[in-house]
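# Sharing a sequence plus its predicted fold:
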Amino acid sequence: MPTRLGDDVDDYCIKCKRLTNHIVVSLLQDDPAKVRCRTCHSDHDYRREQAPPPKVDARKAALFKQVLQNATGSSGGEAVATDPAAPVEAAKTE
């Protein structure tokens, strides 16, 4: 059944930051184009119930990688392979 103006649809509201009921305000080829949130009454594009991707701060990500490298003692971003049995064997031989 095609969507009509005034129909209720669920969508992610960018102002409320959650999934809420919306009213179809505009159609484009029988699909909702714009919707109005029934909670905060803001109009926005129809997102098909998908939240926007999280914003990643490049400076924080670079700083986190640097701290992680310093904590693990690795250089150049390579993975540190730890064998749980290795420290036990080393302790037995001493």
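Thanks, I have it.
# List the backbone torsions phi and psi for residue 51.
phi -70, psi 150 (degrees, to the nearest 10).
# From what I see, it and residue 12 are in contact.
Yes. Shown here, residue 51 and residue 12 form a contact pair, counting by C-beta atoms under 8 Å, at 4.9 Å. Quick note: C-beta positions are derived from backbone N, CA and C, even for glycine.
# Now do the helix ranked longest in the chain: distance to the chain's middle.
Ranked by number of residues, the top helix in the chain under DSSP state H is helix 58-72. Relative to the centre of its chain, helix 58-72 is centred 20 Å away, using C-alpha atoms, centre = their mean, to the nearest Å.
# Report the contact partners of residue 14.
42, 44, 47, 52 (C-beta atoms under 8 Å, 6 or more residues apart in numbering).
# Next one, pLDDT for it please.
Turning to residue 14, the model gives it a pLDDT of 89.
# Check residue 39 too.
The score at residue 39 is 94. That number is its pLDDT.
# burial count for residue 35?
Residue 35 is flanked by 25 other residues according to other C-beta atoms under 10 Å.
# which stretches of this structure form strands?
Applying DSSP state E to the chain gives strands spanning 8-13, 18-28, 31-37, 43-45.
# any chance of these in JSON lines, with distance to residue 63 too?
Listed next are those as JSON lines, based on distance: least, C-beta to C-beta, whole Å:
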{"stretch": "strand 8-13", "distance to residue 63": "30"}
{"stretch": "strand 18-28", "distance to residue 63": "30"}
{"stretch": "strand 31-37", "distance to residue 63": "36"}
{"stretch": "strand 43-45", "distance to residue 63": "33"}
